[in-house]
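[1] Kindly generate the corresponding structure for this input.
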Amino acid sequence: MRTAYLLKTFPRLSETFILNEILGLESLGQELEIFALKRPAEQQAHPSVAKVKAPVIYVPSLLPNPLDALRCVIAHLALFLASPVLYSRALRFFVSVQKSRVKDFAQAGWLARALQRRSITHLHAHFANVPVSVAELVHRLTGIPYSFTAHAKDIYLTPPDELRRKIRSASFVLTCTGFNANHLAGISDGQTPIRLVYHGIDLSFFEPARAPKQEKECPLLISVGRFCEKKGLPYLIQACALLKEQNRRFQCRIIGYGELRDELSALIAHLGLENCVSLEGPFTQDQVLEVYGQADAFVLPCLVTDNGDRDGIPNVLLEAMSMGIPVISTGISGIGELIRHASNGLLVPERDAEAIAAAIVLLLDYPRLAAQLAASGREKVLGQFELRQSASAVLAAFDEYQFGAAPVAAVEELTCRCTM
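    Below you'll find the model as predicted:
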């Protein structure tokens, strides 16, 4: 099976989970080709992007380059001439369900021809919204099967009927939390396998500092994430205001980027926190790693927005826990699958600044408790969220689709015996 990955944008600073998965699959010997619907707008990229072996091909669109539009038109013409019946059926499908997304249809035609020329036999898309819309059209234009990984926003903001149709047409579906898997199973008609595969991280990269942390006069709190509503960052800033009212000494560094930067900056100024709370970033992974090494606590107060948007299990929680940092978050969505309250981290109610402040005080005032939670947190990540384990699960899903449900473990055991 020759597999291509379809992504909306690659590379992207906020999507380290996709980068990790690609690197993990390649480390297991899987050869991929990567197609992206958009070029990244960001100037920075994680250093590990340079380790990706797969070629990255950007799919031309109708705008803004007329030459790209011509390439799309030529691809569609070639598809029609090769199979008028198949093309006509795909066109009728598009008009009936996606006619407002002409860009998707144009890109799907170019991608379909590109996959045929490269003898790609399977397409795997990340995110159930635009990338799967394009993958579904490619499937109807060519018959090339597709699968996809569903994450968070793409699940809960996609109309259920549309999501059900996309699942039904797919060979299999992966998702990154048990919460998501149950939700998708409730939507689907049960004909398409839905598999839980947790994101994994490279634990050789995210390791605790060898030297024990020294007590600081001014503890460091950090948070990392996009500046968007579902991260709950205004409540962290409000919690910092409560700490300041209690005459607590601390520094809080919030690392990221996004549409709420001005709003968050205004809130910091309004609460008089300029001397103790800072907005920083965007940072690459190696830059964030330096900050992790200095942190006394990691706080990410995620929430469910009014339109249903939410996180799955944010990768930054995995990173912080693997670095031996005690974490504070909320129990929404799949976060409770990672953090057990008072066992390997602290969970607070969403939208509750007072609870966040109380949790921070607990970690700062009881360093032994903080150390116990941090150690248990790293153990949790080691046991369930290691990159090779995650990539092996993705590869097993590909193999099961291609070869049937023969257990991968049995094949590995036989291989070991044959090489002894």
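[2] What is the helix or strand hosting L242 packed up against?
    Taking DSSP states H and E as the definition, L242 sits inside helix 233-245. Helix 233-245 sits against strand 220-224, strand 251-255, helix 261-270, strand 297-300, helix 353-365, with contacts defined as 3 or more C-beta pairs under 8 Å, 6 or more residues apart in numbering; DSSP states H and E. Where C-beta positions appear, they are placed from N, C-alpha and C, glycine not excepted.
[3] The same query, at a cut-off of 6 Å, please.
    helix 261-270, helix 353-365 (3 or more C-beta pairs under 6 Å, 6 or more residues apart in numbering; DSSP states H and E).
[4] count of residues packed around the closest residue to I18 other than its chain neighbours?
    Nearest in space to I18, with sequence neighbours left out and distances taken as C-beta to C-beta, 6 or more residues apart in numbering, is H126 at 5.5 Å. When neighbours are defined as other C-beta atoms under 10 Å, H126 has 23 of them.
[5] Redo the helices and strands packed on helix 233-245 as CSV? Include distance to H183.
    Converted to CSV, the helices and strands packed on helix 233-245 look like this (distance: least, C-beta to C-beta, whole Å):
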stretch, distance to H183
helix 261-270, 30
helix 353-365, 26
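[6] As PDB, could you dump the C-alpha coordinates of the helix holding L242?
    Backbone C-alpha positions of helix 233-245 (Å, rounded to 0.1, in the frame of the first residue of the first chain) are rendered in PDB as follows:
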ATOM      1  CA  LEU A 233      -6.400  31.700  29.000                       C
ATOM      2  CA  PRO A 234      -8.400  34.700  30.300                       C
ATOM      3  CA  TYR A 235      -9.200  32.600  33.400                       C
ATOM      4  CA  LEU A 236      -5.500  31.900  34.000                       C
ATOM      5  CA  ILE A 237      -4.800  35.700  33.800                       C
ATOM      6  CA  GLN A 238      -7.700  36.300  36.200                       C
ATOM      7  CA  ALA A 239      -6.200  33.700  38.500                       C
ATOM      8  CA  CYS A 240      -2.900  35.500  38.400                       C
ATOM      9  CA  ALA A 241      -4.700  38.700  39.500                       C
ATOM     10  CA  LEU A 242      -6.000  36.800  42.500                       C
ATOM     11  CA  LEU A 243      -2.500  35.600  43.300                       C
ATOM     12  CA  LYS A 244      -1.300  39.100  43.200                       C
ATOM     13  CA  GLU A 245      -4.000  40.200  45.500                       C
END
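[7] residues making contact with it?
    With C-beta atoms under 6 Å, 6 or more residues apart in numbering as the test, helix 233-245 has contacts from 223, 250, 252, 264, 267-268, 271, 273, 277, 299, 301, 351, 353, 356-357.
[8] and it with helix 261-270, angle?
    20 degrees (axes from the mean of the first three to the mean of the last three C-alpha atoms, to 10 degrees).
[9] same question for helix 233-245, mean pLDDT?
    The average pLDDT for helix 233-245 rounds to 98.
[10] Also stretch 269-279?
    On average, stretch 269-279 scores 98.
[11] ok, which stretches of the stretch 251-400 of the chain are helices?
    In the stretch 251-400 of the chain, the segments counted as helices under DSSP state H, counting those that start in this stretch are 261-270, 285-292, 315-322, 335-338, 353-365, 367-384, 387-403.
[12] what's the most buried one of those?
    Stretch with highest mean neighbour count among those: helix 315-322 (a mean of 26; mean count of other C-beta atoms under 10 Å).
[13] For it, give me every contacting residue.
    With C-beta under 6 Å, 6+ apart, helix 315-322 has contacts from 16-17, 199, 201, 203, 206, 224-225, 298, 327, 377-378, 381, 385.
[14] Can you give me every residue that contacts H151?
    Counted by C-beta under 6 Å, 6+ apart, H151 has contacts G312.
[15] Kindly recompute the last result at 10 Å.
    By C-beta atoms under 10 Å, 6 or more residues apart in numbering, H151 lies in contact with 15, 17-18, 126-129, 174-177, 180, 199, 311-313.
[16] Let me know the closest of those residues to G232.
    Nearest to G232, judged by C-beta to C-beta, of the contacts of H151 is D311 at 9.5 Å.
[17] Leaving out sequence neighbours, find the closest residue to the closest one.
    Excluding the flanking residues, the one nearest D311 by C-beta to C-beta, 6+ apart is C302, at 4.8 Å.
[18] Burial check on the one you found, number of neighbours?
    C302 has 24 nearby residues by other C-beta under 10 Å.
[19] Hmm, it is touching G331, no?
    Yes. C302 is within contact range of G331, at 9.3 Å (criterion: C-beta atoms under 10 Å).
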